[in-house]
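A.B. asks: Mind looking at a prediction? Sequence and model below.
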Amino acid sequence: SQELEQSPQSLIVQEGKNLTINCTSSKTLYGLYWYKQKYGEGLIFLMMLQKGGEEKSHEKITAKLDEKKQQSSLHITASQPSHAGIYLCGADGGGSYIPTFGRGTSLIVHP
Amino acid sequence: ETGVTQSPTHLIKTRGQQVTLRCSSQSGHNTVSWYQQALGQGPQFIFQYYREEENGRGNFPPRFSGLQFPNYSSELNVNALELDDSALYLCASSLRTGRGETQYFGPGTRLLVL
């Protein structure tokens, strides 16, 4: 079964700093999703990446997919307290749809 | 707001009891998935329903069952509750187009089994 490893597990940054979260898959990535979750709440869809080399942006958040490395990175520029939460990467299973999620990266942004 | 709602928001049960959780999908979505999320973990896939048929199942025992209705609302039923069933239960609706699906999650139901 596919496994997604996220790093770091947690991150504490000062407001205004840039940061990167990584997600590495144990198998080929057919589709990679990034979500944000506030503690104890549902997941908010951020973006989906489907092709190697694809890069998407949503406000100050940019995600890239490196298909060869089976890896995706999420980059936040000039972080703000509103960016705080848990960031999760998720992947579908290709032909057999068994979605998998990483354990999440907890982000705290100090004002 | 994702347009996906879940009820109840919180629930306390005792070991051995049965529970039914409900999800109302986003309008027009034909697929619903259920997940279990333990504290500090990512969501674990329970199963998925597509047009009222089970379409995929994760590593959960048969006491976890579900239904999807013609109006695309759905239920997750758990029998013979165990302490380890305490978790946040999330449903997610999506529209299957064959070109990748974006799942829209509800706020979750937090279940505590005592």
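C.D. replies: Noted; the coordinates are in hand.

A.B. asks: switch to C-alpha atoms for all contacts and neighbour counts from now on
C.D. replies: OK.

A.B. asks: Helices of the chain, start to end?
C.D. replies: I went with chain A, as the question did not name one. Assigned by DSSP state H, the helices in chain A number zero.

A.B. asks: so where do the strands sit in it?
C.D. replies: A:4-7, A:10-14, A:19-25, A:32-37, A:43-49, A:55-58, A:61-66, A:71-76, A:85-91, A:100-101, A:105-110 (DSSP state E).

A.B. asks: Compute the inter-axis angle for the second one and strand A:19-25.
C.D. replies: This points to strand A:10-14. 160 degrees (axes from the mean of the first three to the mean of the last three Cα atoms, to 10 degrees).

A.B. asks: which residues sit against strand A:10-14?
C.D. replies: Where contact means Cα atoms under 8 Å, 6 or more residues apart in numbering or on different chains, the residues beyond strand A:10-14 that reach it are A:19, A:79, A:105, A:106, A:107, A:108, A:109, A:110, A:111.

A.B. asks: Please spell out which residues along that strand are buried.
C.D. replies: Within strand A:10-14, the residues that qualify as buried are A:11, A:13, counting by 16 or more other Cα atoms under 10 Å in any protein chain shown.

A.B. asks: Can you show me the CA trace of it as PDB?
C.D. replies: What follows is strand A:10-14, C-alpha atoms only, in PDB (Å, rounded to 0.1, in the frame of the first residue of the first chain):
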ATOM      1  CA  SER A  10       5.900  20.400  13.100                       C
ATOM      2  CA  LEU A  11       7.100  23.900  12.400                       C
ATOM      3  CA  ILE A  12       7.200  27.100  14.400                       C
ATOM      4  CA  VAL A  13       8.100  30.200  12.500                       C
ATOM      5  CA  GLN A  14       8.000  34.000  13.000                       C
END
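
A.B. asks: What is the distance between that strand and the centre of its chain?
C.D. replies: Strand A:10-14 sits 15 Å away from the centroid of its parent chain (Cα atoms, centre = their mean, to the nearest Å).

A.B. asks: Now do that strand, average pLDDT.
C.D. replies: Per-region confidence: strand A:10-14 scores 97 on mean pLDDT.

A.B. asks: now the last one
C.D. replies: Mean per-residue pLDDT for strand A:105-110: 96.

A.B. asks: Now do it: which elements does it pack against?
C.D. replies: In terms of contacts (3 or more Cα pairs under 8 Å, 6 or more residues apart in numbering or on different chains; DSSP states H and E), strand A:105-110 is packed against strand A:10-14, strand A:85-91.

A.B. asks: Go through the helix or strand of chain B with the lowest mean pLDDT and flag the buried ones.
C.D. replies: Every helix and strand in chain B was compared by mean pLDDT, DSSP states H and E; the lowest is strand B:53-57, with a mean of 89. Under the neighbour-count criterion of 16+ other Cα under 10 Å, strand B:53-57 has B:54, B:55, B:56, B:57 buried.

A.B. asks: Give me the distance between the residue nearest to residue B:84 when sequence neighbours are not counted and residue B:87.
C.D. replies: Counting by Cα to Cα, 6 or more residues apart in numbering or on different chains, residue B:84 lies nearest to residue B:113, which is 7.7 Å off, once chain neighbours are set aside. Shown here: residue B:113 relative to residue B:87, a distance of 9 Å by Cα to Cα, to the nearest Å.

A.B. asks: Just want to know which of these two has more residues nearby.
C.D. replies: Comparing residue B:113 with residue B:87 by other Cα atoms under 10 Å in any protein chain shown, the one with more neighbours is residue B:87, at 20 against 17.
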